[in-house]
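>>> generate coordinates for the sequence data below:
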Amino acid sequence: MSAAAATLVLVLDDGQGNLKTIPPMLEGKGKVVYAGSLDEARPALNGQSPHIALVACAEGPAEAEGRLADLGIAPGWMIAGATSAQAGDPEFLRAAMQARFNDILTVPAEAPALHEAYENALRHIQGPEGSKGKVVALYSSKGGTGVSTLAVNLALALNHQGGLRVGVLDLDLQCGVVASLLNLQPTQTLGKLGDVPSDDPNALRDELLSRITNHESGVRLIASPPILHDGLNISAEMVGRIIRILRDRFDVLLVDTPKWVGDRLVAALDEADHILLVTEPLIPSLAKARESLRLFSRFEYPQDKVVLVFNRVAKESELQPEEAAQALGRPAYGAVPEEHARLIEAANRGTPPLTEAVAKGPFAKAVSGLAEKLRADLGFGAPKPQPKKRGFLFGRKTS
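All right, here's what the predicted structure looks like:
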């Protein structure tokens, strides 16, 4: 069965009926459930969560998202059905982003625009048939080396380069800050995921995918719990399963790991295709990096699985990355300059430097270069030029 044939699409209309013409135009593209109200949608879905939801937004994106929440579903891709006036209104587009919509379709829709929106959703949900994503773990055994900041900006840089579904998994279950760095307040996180029954092979997958949070850039986040103890029942075995599930969902999954060595960390590192060992060209950091390399050697990781990334490199520092790498007996895979004031402001505002598509400043340019190198080494080739966007996300207009 093809990916399209197995796709469940919810078309949730409202009193204006602007979506009534949608189902016939999606004939042959999976199971399409059309509902004019929540009362119609509930029995038709029968407890299933749709892969794609196209929702009428005549009353606004927040109200439309609320209708989906009332159904108790978390679609993999959300499309806002908007009038032409709404689609041209910046305030509406901003509200749609805040309501976690992934795309917008001007309604009443014409078939070419609808099919483009559908195919785009399918690409993001399924990826190329039979594809397996790459997992990159970022790790430092010394706290405060900027691992989370690097993970966030690397994800944004990879996303800007186009053609990849990029996800970030915040596995620092007690001190995770990725959501804050992206100015997100997820309603669903990894919290209490360990309560999911282990005897149902699909239960964890369905629950995990429903906890993905969309960032306005297109990057997806699986956030750490906001409450300290809510991640304690996530076992090492579950960490491995989580990463394997997300590997199928994304082309590149960046894993922000905790600094404490334990079963969950080892499970994440075992699953990774590449490990970016983040350190600073400072003696205390290098000592910790050397300990980590010894640990990885005991784990019998291949030499090319672990690479060194030097963060917060200052021109005036006595110890530069080349000398530090020589001391560790490994080449430097990347070096990211220090830009303290800008990164502090970015963290406080929740606007990482790589939020902008064009890299500005030494930090952003270095991370963009690191992303290009990593992309090539993961086998994805040169960055793809991004199409000019109109309106919200892909800005599909029917006129």
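>>> with adjacent residues omitted, what lies nearest to Gln161?
Leaving out its chain neighbours, the residue that sits closest to Gln161 by Cβ to Cβ, 6 or more residues apart in numbering is Pro383, at 3.5 Å. C-beta coordinates here come from the backbone N, C-alpha and C atoms, glycine included.
>>> helix/strand/coil for that neighbour?
coil (DSSP: H, G, I helix; E, B strand; the rest coil).
>>> so it touches Glu372, yeah?
Yes. Shown here, Pro383 and Glu372 form a contact pair, counting by Cβ atoms under 8 Å, at 6.3 Å.
>>> spit out the residues that contact those two alike.
Overlap of the contact sets of Pro383 and Glu372 (by Cβ atoms under 8 Å, 6 or more residues apart in numbering) consists of Gln161.
>>> and the two? Which one has more around it.
Legend: neighbour count by other Cβ atoms under 10 Å for Pro383 and Glu372, higher for Pro383 (18 against 15).
>>> relative to Val147, how far out is that one?
24 Å (Cβ to Cβ, to the nearest Å).
>>> confirm Leu221 sits in a strand?
Yes. Counting by three-state DSSP, Leu221 is found in a strand.
>>> dig out what it forms beta bridges with.
Val168, Thr213 (DSSP bridges).
>>> OK, contacts around it?
Here Leu221 is in contact with Gly167, Val168, Asp170, Val178, Ala179, Leu182, Leu184, Pro186, Ile212, Thr213, Asn214, His215 (Cβ under 8 Å, 6+ apart).
>>> now render the residues you listed as a markdown table, adding neighbour count and distance to Asp377.
Output for the contacts of Leu221, formatted as a markdown table (neighbours: other Cβ atoms under 10 Å; distance: Cβ to Cβ, whole Å):
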| residue | neighbour count | distance to Asp377 |
| --- | --- | --- |
| Gly167 | 23 | 18 |
| Val168 | 30 | 19 |
| Asp170 | 28 | 23 |
| Val178 | 26 | 23 |
| Ala179 | 22 | 28 |
| Leu182 | 24 | 25 |
| Leu184 | 17 | 29 |
| Pro186 | 22 | 30 |
| Ile212 | 20 | 26 |
| Thr213 | 20 | 28 |
| Asn214 | 18 | 27 |
| His215 | 23 | 24 |
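>>> dump these to TSV, plus pLDDT and distance to Ala35.
Listed next are the contacts of Leu221 as TSV, based on pLDDT from 0 to 100; distance: Cβ to Cβ, whole Å:
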residue	pLDDT	distance to Ala35
Gly167	95	30
Val168	98	33
Asp170	98	35
Val178	96	35
Ala179	95	32
Leu182	95	33
Leu184	92	29
Pro186	89	27
Ile212	89	24
Thr213	88	25
Asn214	84	23
His215	89	29
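>>> specify which member of those residues is nearest to Asp263.
Using Cβ to Cβ, Asp170 comes nearest to Asp263 of these, at 17.9 Å.
>>> quick one, phi/psi of the closest one?
When read as degrees, to the nearest 10, the backbone of Asp170 gives phi -90, psi 100.
>>> give the contact list for it.
Taking Cβ under 8 Å, 6+ apart as the test, what Asp170 contacts is Ser148, Gly176, Val177, Val178, Ala179, Leu190, Leu221, Ile222, Ala223, Ser224, Asp256.
>>> will you turn the residues you listed into a markdown table that also has distance to Ala364?
Shown next, in a markdown table, are those (distance: Cβ to Cβ, whole Å):
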| residue | distance to Ala364 |
| --- | --- |
| Ser148 | 16 |
| Gly176 | 23 |
| Val177 | 19 |
| Val178 | 18 |
| Ala179 | 21 |
| Leu190 | 29 |
| Leu221 | 20 |
| Ile222 | 24 |
| Ala223 | 24 |
| Ser224 | 25 |
| Asp256 | 19 |
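>>> most surrounded residue in those?
For the contacts of Asp170, neighbours tallied by other Cβ under 10 Å; top is Ile222, 28 neighbours.
>>> these two touch, right, that residue and Thr213?
Yes. Ile222 lies in contact with Thr213 (Cβ under 8 Å); the separation is 7.5 Å.
>>> for the nearest residue to Gly176 once chain neighbours are set aside, give its distance to Leu10.
Leaving aside its sequence neighbours, Gly176 sits nearest to Ser224 (Cβ to Cβ, 6+ apart; 2.8 Å). Separation of Ser224 from Leu10 (Cβ to Cβ): 29 Å.
>>> so how far is Leu378 from Gly163?
Taking Cβ to Cβ, one finds Gly163 at 12 Å from Leu378.
>>> now do the shared contacts for those two.
What both Gly163 and Leu378 touch, as defined by Cβ under 8 Å, 6+ apart, is an empty set.
>>> packing partners for the helix or strand hosting Leu154?
According to DSSP states H and E, Leu154 maps onto helix 147-160. The criterion is 3 or more Cβ pairs under 8 Å, 6 or more residues apart in numbering; DSSP states H and E, and the helices and strands that helix 147-160 contacts are strand 134-139, strand 166-170, helix 178-181, strand 252-256, strand 274-279, helix 362-377.
>>> may I see the buried residues of the last one?
Pointing back at helix 362-377 there. Neighbour counts over helix 362-377 (16 or more other Cβ atoms under 10 Å) mark Pro362, Phe363, Ala364, Lys365, Ala366, Val367, Ser368, Leu370, Ala371, Leu374, Arg375 as buried.
>>> ok, of those, which one's closest to Asp89?
Closest approach between the buried residues of helix 362-377 and Asp89, by Cβ to Cβ: Ala364, at 30.6 Å.
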